[in-house]
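Participant: When you get a sec, could you give me coordinates for this:
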Amino acid sequence: MTFGLSEMLRTMGLPAKIVGSFLLVMGLASLTAFIERMIALRRSRAASRRFAADAADALKDGAVETVVAEAAKHPRGHLPRLVGSGLSFYAQARNASEGRGLSVAEQTRRHVERYLEELGADLRRGLAVLASVGSVAPFVGLLGTVVGIISAFQGIASSGSGGLSSVAAGISEALVETALGLAVAIPAVLAFNYLSNAIAADERALAAAAGELIDTIEAWGEPEPGEVRRERVA
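Facilitator: All right, here's what the predicted structure looks like:
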């Protein structure tokens, strides 16, 4: 009797097949999360670069409405979303004539800090899947190993001997499940570490951009109550 992959799959018991199917689903989930995050980060960086090039002069000239309109053209970019949200809030706060306990720049700074947390959560979306798969898959594989060993002992009990033929099927189940668990967990851990580093770099860039935005707003000065800031005409 040969024990190729197809033969092992055919002789695997129902519990081992359930464990193996669960591991395959976990592997597909981690692969989907990784690909989705890679595409999202690539699109965000490309949109942010285009926005930075298109809106730099308008922001320098204090053309708030122009920058906000430009940011709306790049909804997939995290930098345009940050700048657009910050300047939209600034535009609303500077036109408020009553009830301002804080300066417009301080109100905007607090809003930007809160929005940075939202953007960070959006950047990290899907990492929980990779972390869960990377930590749980080895234990699921270990469960499959235990199931295979139990199957091997059942083979010994049913045959009344401890020969290789009576335990081969169960041992093969155990090894297959162990290998499958590691094959799912190792790429998930590597993908999680890679994305964590990439997202941390993006978060640092966004934090630096937020600081520059607040510095620019503070340089514009504090408007009088009810004053509407006019865009500069080149």
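
Participant: who does the lengthiest helix in the chain touch, helix- and strand-wise?
Facilitator: What stands out as the longest helix in the chain, according to DSSP state H, is helix 164-220. Helix 164-220 sits against helix 5-11, helix 14-60, helix 78-94, helix 104-123, helix 127-159, with contacts defined as 3 or more CB pairs under 8 Å, 6 or more residues apart in numbering; DSSP states H and E. Backbone N, C-alpha and C define where each C-beta goes, glycine included.

Participant: 10 Å instead, please
Facilitator: helix 5-11, helix 14-60, helix 64-72, helix 78-94, helix 104-123, helix 127-159 (3 or more CB pairs under 10 Å, 6 or more residues apart in numbering; DSSP states H and E).

Participant: Please state the offset of the second one from the chain centre?
Facilitator: Looking back up the chat, that one is helix 14-60. 6 Å (CA atoms, centre = their mean, to the nearest Å).

Participant: again with stretch 144-155
Facilitator: Counting by CA atoms, centre = their mean, stretch 144-155 comes out at 38 Å from the chain centroid.

Participant: and that stretch, C-alpha only, in CSV?
Facilitator: The C-alpha coordinates for stretch 144-155 follow below in CSV (Å, rounded to 0.1, in the frame of the first residue of the first chain):
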residue,chain,number,x,y,z
GLY,A,144,-4.8,17.4,14.0
THR,A,145,-1.6,15.7,15.2
VAL,A,146,-3.4,14.4,18.3
VAL,A,147,-6.3,13.2,16.2
GLY,A,148,-3.8,11.3,13.9
ILE,A,149,-2.1,9.7,16.9
ILE,A,150,-5.5,8.7,18.3
SER,A,151,-6.3,7.2,14.9
ALA,A,152,-2.9,5.3,15.0
PHE,A,153,-3.7,3.8,18.4
GLN,A,154,-7.2,2.8,17.1
GLY,A,155,-5.5,1.0,14.3
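
Participant: avg pLDDT for that stretch?
Facilitator: Mean pLDDT, stretch 144-155: 76.

Participant: One more: stretch 90-107?
Facilitator: Stretch 90-107 carries an average pLDDT of 77.

Participant: how long is it end to end?
Facilitator: End-to-end distance for stretch 90-107, by CA to CA, to the nearest Å: 8 Å.

Participant: What residues of it count as buried?
Facilitator: Neighbour-count burial for stretch 90-107 flags 90, 91, 93, 94, 104, 105, 106, 107 (criterion: 16 or more other CB atoms under 10 Å).

Participant: Wait, residue 119 touches residue 85, no?
Facilitator: Yes: contact between residue 119 and residue 85 holds when scored by CB atoms under 10 Å: they sit 9.0 Å apart.

Participant: so what sits against both of these two?
Facilitator: residue 112 (CB atoms under 10 Å, 6 or more residues apart in numbering).

Participant: related to what we said a few turns ago, I'd like the helices and strands packed on helix 164-220 as CSV, with distance to residue 191 appended.
Facilitator: Formatted as CSV, the helices and strands packed on helix 164-220 follow (distance: least, CB to CB, whole Å):
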stretch, distance to residue 191
helix 5-11, 25
helix 14-60, 4
helix 64-72, 31
helix 78-94, 20
helix 104-123, 15
helix 127-159, 5
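
Participant: With residue 218 as the reference, name the closest of those.
Facilitator: Evaluated over those, closeness to residue 218 peaks at helix 104-123, with 4.7 Å, by CB to CB.

Participant: And the closest one, what does it pack against?
Facilitator: Using 3+ CB pairs under 10 Å, 6+ apart as the test, helix 104-123 ends up in contact with helix 14-60, helix 78-94, helix 164-220.

Participant: List the buried residues in it.
Facilitator: For helix 104-123, by 16+ other CB under 10 Å, it's 104-109, 111-112, 115-116, 119-120, 123.
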